[in-house]
Structure formats: structure tokens, C-alpha cells
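Participant: Starting from these lines, generate the structure:
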Amino acid sequence: DTFSIFRHLCLDSHLCMQMWRPPESTLAGGFLMRSRSSLSHRPLNSQELPMVVQELKKQDFLLKVGPLKPSGLIVDSEGQMHEFRQDSEFETYDLQVLLAGDSNHPFFFSPLRVRLRFGIGNSVRNEGLPEIRLGGQLAFPLVSRDRQPPKVFWDTFKASAANENSEVAVTELLRSLRHFLLDPADYLGLEIGDGSPEARRLQTWCRDVTRLNGQRLEVIKKYMPQARHPGLFDPVLPLKKEWFHEKIWSFLNGGTEDWQDVLTEHVPGVYSFPLFKDEFCDTLLEEIFNFYDTGLPARRPNSMNNYGIILSDIGLEPFIDKLQELLQPLGAGFFPGPGNSWDGHHCFIVRYREGEDLGLDMHTDDSDVTFNICLGLDFAGAGLQFCGTVGTAEHRKHNFTYAHKKGHCIVHLGRQRHGADDITSGERLNLILWNHSSEFRSSLEYQRPALMMTLQCCYAWEVVGIGQNCGSFLLTFVLGYLGLQKLDTAGSQIRID
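Facilitator: Here you go, the predicted model:
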């Protein structure tokens, strides 16, 4: 457990985003160091945002726009979380758009989800322009793991913007973003092959991301003509009501049902509910087994599941995007903070049967909120054991055991310890959806439990004798990395049990 805690901390996606983020002056020197004049854009007010949305809906390079929604979570510069409030510094709105790719591009040939965050009044941060966050799994040149365009993109856009009208500028901004993602050299005014250091560096990065995206996209291209249910892969078609149980569909779409009539609370923070109808479970299973039958290569979800597949790797990312969006209100309602403002996911199938994986030891997930949906088949055993959450006194204490039912979903925090009992007969496949919120992961509420795990890890290293100074060195490194060198341990009541 000591090493898994350390691995979880160091490989956590939020920390990795920061640890491996390229410097902001990625292409410093030469062409990009010329002084430039730039327009400042008047911040939009909340009455103008609907007009921006209507203007965006007219653009043929945007396949889907909206709806515009209040931001579910805002984290300030001190790491404190805040809810949306009108007429305050926390009045921000989010808009999801689907940016068209280019069928001739080596990797950006499918639509890309993009989130725009608009600040109103005192919440404006980006000189009157919305903040941008890219969705999906694609890697792009110059785009770091925080999925935001680099400073050089913004500098170039502001220097070349033809209109200071913010309503028009949003359309220009998205058109420029697409240009930058499709051909960064052309957008930045660089000539690939001209021998300049910037051009050579950018050419190397373009080659690297093409190779990085290549294997996954090659599998998707080969599988698409063989897919049994093409509608699951369509990025524009909406989810179908008939796939879901009536009560949960109504509840998630603003119905008047009381949550106790839809969900069952087993222990605090762990809920289950019927989600997929049996017929839709069979549809998903048919698609999954069809992919297995092709013999195409598939990455495994993680080191603990040897026979599952990652759904984004076979082209089902659009379906998962829409499923996550449908489930977002439930996350926000039951898990404020980790359940808000999801902008990333890792979704995969786990398979348990005799001769393969039978079960799974107790563990936590690298997710903020986890949905676990049983698709079938016929099986016995394979209960899901639950303990407490990491950082609490009950984190190793068994709370209850959940019995999977076809089409039913169980939801919990990623840091809730759980494990799968061995299957005793038959075969079970589950769809696991890990949801990530980059906004929540920038908060102290997220980072301080990580610090507690580090303290426990350091203590364990000293106890087992790995090294006299190993734990102290690790603690000093992580404290410095998290910017908590001046943490008031007495005030925070940090204690190692």
C-alpha cells in the first residue's frame, strides 16, 4: 500500500500536468520575440452571452454549440472553492462546443470538444476573452497536459485580432484555435524547413505527437468499418431516452422526482441506481465482444485489469462524453467539489471470468468520482467490498458489500477504498467511468489529502527501514512542489496514525 500510495500521488494526472508543463515561452527567441501590439477586448456581460452563442451556432466549423451553463465550481488563486454567484467575482459561465477536424489531417480528423469559460464583471481574467480547455485524448504540438493553448497562441491571436468587439472575437478565437491545432506552423507564421531553431523545434514536436496519437487512431480507423452499432460512435447524435431507465432519465434531465425514489444510499457517499435497460446493456456487450473478435490490439485500462479495454481507444469517446455530461448533475448534487465541472474522463471495461482476472484487491481510483455499471453476463460471486475514504480513520474498515445487478450503477468518490471479490462462476463485464475535474484538482481540498497520503507514505518508509532520510527527503520534495513549505501543521492538525 505504501508504494501504491506514492505511485498514486506522483502519477496523479493533476500533478503530472504541472510537473511536465512546458515553459510558457515555448518558442522563445527569433520571430516570437518581436514586440507586438494587441487589441484589448471589452468583457462580455451576462446579457450578451446568449448572442455570442447564437453567433457561434451559425459557424460551419462548429458541429455543436452549447448550452451555456453557470460554472459548477470556481477555485480562486488561494486554492479555495466557490460556487457560482451572480454579480460577484465568481460569476462565470461554461460553454461546450464541438470543433470540426479535417479528414485529411494525420490525427485531428474527428471533432474535438472544447470548453469555453466566460468571466463576468470582476471574474474576467483573460483580457475579456474566454478561457479555453481542450477535451479528449488527442495530443497536440505546444499544448501541455493541462489541455490549454500555450501563451504563444494567445499572443499571436491578440496581435492579429481584427476586431475588438468581444462578441465577434469569440468566433475569431475559435477559428484561430482550429487553425492553430491543424497547422501550428502556419498559424505562427513559421516556415517548416527554413532552418530556424523555432521551425526545427516545432517540426520535431509535430512529428512526436503524430507518433504518440498514431497507434490508438490506427486501431479506431480499422475498427470503424466493422462496428456493429455506428450510432454509438457518432459525436453529434444525442443519447437515446430508450437506453435508460425512465426514473433516472427524468431525474437527470430536471424531473421532479425525489432522489430517494431514484437512488439507494448504502453508506454515506455510496449510492446505486438502475441506469441502463437490459437491451442497451446487450447492445454495448455486442459491440465490446465484436471488438474482441477482430483481434485488434488494445491497451489495458491499468495494471490491475489484464483483459479489459479502454473505450476511447476503440472510438467510443463521443458516447462517453455524452454519458458524462448526462451524469454531471448527479455528481454535482451528491459530491460538491469533486463532482463539479468534469472536463476529463477515463472509461474502460473490466472483465472477470475463470482462467482470467477473478477479482481485484482493495484499492482507490485515480478519479474524483467513479461510476461502475454492470453490463452482465450470468455470474455468481464478484461482490464489491467497500471501506472508508483515504485520510479517514475508517479507510481500512469494511463498511458493506454491494451485489452487482445488470444495468445498475454504483457511484462513489475515487478515494473511497473498494475491491472486487473473486467471481465463482460465469462471466461479468462492467463499464467503469472515472471522472476528472481539473478545477477541483487545483483546490487545497484536493491537494491536502494528497499531502496526508505523502505523510503516511514517509512514515511507512521510515518504519520499514527503506532509508533513514528517504521519507524526510520525499516529504521535503512534495511540500516544496505543492507550494506548502509554510504549511501550519499545528493549525491543520496534521497527524500520522
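Participant: contacts, neighbours, all on C-alpha from now
Facilitator: OK.
Participant: where along the stretch 301-450 of the chain do the strands fall?
Facilitator: For the stretch 301-450 of the chain, the strands defined by DSSP state E, counting those that start in this stretch cover 309-310, 344-353, 360-363, 369-376, 379-381, 384-389, 400-402, 408-413, 416-420, 423-436.
Participant: where among those is the average confidence lowest?
Facilitator: In terms of mean pLDDT, the lowest-scoring of the strands of the stretch 301-450 of the chain is strand 360-363 (a mean of 76).
Participant: other SSEs contacting that one?
Facilitator: strand 416-420 (3 or more C-alpha pairs under 8 Å, 6 or more residues apart in numbering; DSSP states H and E).
Participant: Now do the strand it packs on: which elements does it pack against?
Facilitator: Checking 3+ C-alpha pairs under 8 Å, 6+ apart, strand 416-420 ends up next to strand 360-363, strand 384-389.
Participant: Okay, now the sheet partners of that strand, with direction.
Facilitator: Partner strands and pairing direction for strand 416-420 (DSSP bridges) are strand 360-363 (antiparallel), strand 384-389 (antiparallel).
Participant: which residue sits closest to the spatially most central residue of the chain, ignoring its sequence neighbours?
Facilitator: Most central in the chain under C-alpha atoms, centre = their mean is Gly344, positioned 1.2 Å from the mean C-alpha point. What sits nearest to Gly344 in space, not counting adjacent residues and going by C-alpha to C-alpha, 6 or more residues apart in numbering, is His436, at 4.9 Å.
Participant: so how many other residues sit close to the one you found?
Facilitator: 25 (other C-alpha atoms under 10 Å).
Participant: That one: what's it in contact with?
Facilitator: Contact partners of His436, counting by C-alpha atoms under 8 Å, 6 or more residues apart in numbering, are Pro338, Trp342, Asp343, Gly344, His345, Ser367, Asp368, Val369.
Participant: Among these, which one lies nearest to Pro130?
Facilitator: Nearest to Pro130 among those, counting by C-alpha to C-alpha, is Asp343 at 15.9 Å.
Participant: Report the contact partners of that closest one.
Facilitator: For Asp343, the contact set (C-alpha under 8 Å, 6+ apart) comprises Gly135, Asn435, His436, Ser437, Ser438.
Participant: before we move on, what about Asp357?
Facilitator: Counted by C-alpha under 8 Å, 6+ apart, Asp357 has contacts Asn305, Asn306, Tyr307, Arg351.
Participant: Give me the number of neighbouring residues for the third one.
Facilitator: Which is Tyr307. 18.
Participant: low pLDDT regions in this protein?
Facilitator: Across the chain, the ranges flagged by pLDDT under 70 are 1-43, 87, 121-127, 162-167, 358-359, 449-497.
Participant: all helices of it, in order?
Facilitator: Counting by DSSP state H, the chain has helices at residues 2-11, 13-19, 49-56, 151-160, 166-182, 184-188, 197-223, 246-252, 278-294, 317-334, 438-441, 444-464, 470-481, 489-492.
Participant: could you check the angle helix 166-182 makes with the fourth one?
Facilitator: Think helix 151-160. Going by axes from the mean of the first three to the mean of the last three C-alpha atoms, to 10 degrees, helix 151-160 is angled at 130 degrees with respect to helix 166-182.
Participant: who does helix 151-160 touch, helix- and strand-wise?
Facilitator: helix 166-182.
Participant: Distance from the helix it packs on to the middle of the chain?
Facilitator: Relative to its parent chain, helix 166-182 has a centroid offset of 23 Å by C-alpha atoms, centre = their mean, to the nearest Å.
Participant: Flag every buried residue along that helix.
Facilitator: Buried residues in helix 166-182, defined by neighbour count with 16 or more other C-alpha atoms under 10 Å: 166-167, 169-174, 176-182.
Participant: Kindly report the same for stretch 326-346.
Facilitator: The neighbour-count check on stretch 326-346 (16+ other C-alpha under 10 Å) flags 327-332, 334-346 as buried.
Participant: shouldn't Leu285 be in contact with Arg351?
Facilitator: No. Applying C-alpha atoms under 8 Å, one finds Leu285 not in contact with Arg351, separated by 11.1 Å.
Participant: Got phi/psi on Asn45?
Facilitator: Dihedral pair for Asn45: phi -100, psi 170, per degrees, to the nearest 10.
Participant: Quick one: closest of the helices and strands packed on strand 416-420 to Asp102.
Facilitator: strand 360-363 (41.3 Å).
Participant: Go through the contacts of Asp343 and say which is closest to Phe280.
Facilitator: Distances from Phe280 to the contacts of Asp343, taken as C-alpha to C-alpha, are shortest for Asn435 (21.9 Å).
Participant: Next up, the contacts around that closest one.
Facilitator: Gln324, Trp342, Asp343, Gly344, His345, His346, Ser367, Asp368, Val369, Thr370.
Participant: What is the most widely separated pair among the residues you listed?
Facilitator: Across those (C-alpha to C-alpha), the longest gap, 14.0 Å, separates Asp343 and Thr370.
Participant: re earlier: the residue nearest to the centre of the chain touches Gly136, doesn't it?
Facilitator: Yes. The criterion here is C-alpha under 8 Å, and Gly344 meets it with Gly136 at 7.2 Å.
Participant: ok so, going back, pick the most buried one from the helices and strands packed on strand 416-420.
Facilitator: Mean neighbours per residue, mean count of other C-alpha atoms under 10 Å, is largest over these for strand 384-389, with a mean of 20.
Participant: That one vs strand 408-413, what angle?
Facilitator: For strand 384-389 against strand 408-413, the angle between stretch directions is 20 degrees (the same axes, to 10 degrees).
Participant: what residues does strand 384-389 touch?
Facilitator: For strand 384-389, contacts defined as C-alpha under 8 Å, 6+ apart pick out 362, 394-404, 413, 415-421.
Participant: do stretch 54-66 as well
Facilitator: Residues from elsewhere that reach stretch 54-66 (C-alpha under 8 Å, 6+ apart): Val53, Leu95, Gln96, Val97, Leu98, Leu99, Ala100, Pro111, Thr171, Arg175, Val236.
Participant: What number of residues are in the vicinity of Lys397?
Facilitator: Residues near Lys397, counting by other C-alpha under 10 Å, number 13.
Participant: heads up, I number from 14, so please use that
Facilitator: Understood, numbering begins at 14; the last thing we discussed is Lys410.
Participant: gap between it and Gln60?
Facilitator: The gap separating Lys410 from Gln60 is 52 Å, by C-alpha to C-alpha, to the nearest Å.
Participant: from what I can see Ser84 touches Leu108, true?
Facilitator: No. At 9.0 Å, Ser84 does not count as touching Leu108 under the criterion of C-alpha under 8 Å.
Participant: How far does stretch 411-427 stretch from one end to the other?
Facilitator: Length of stretch 411-427, first residue to last, C-alpha to C-alpha: 16 Å.
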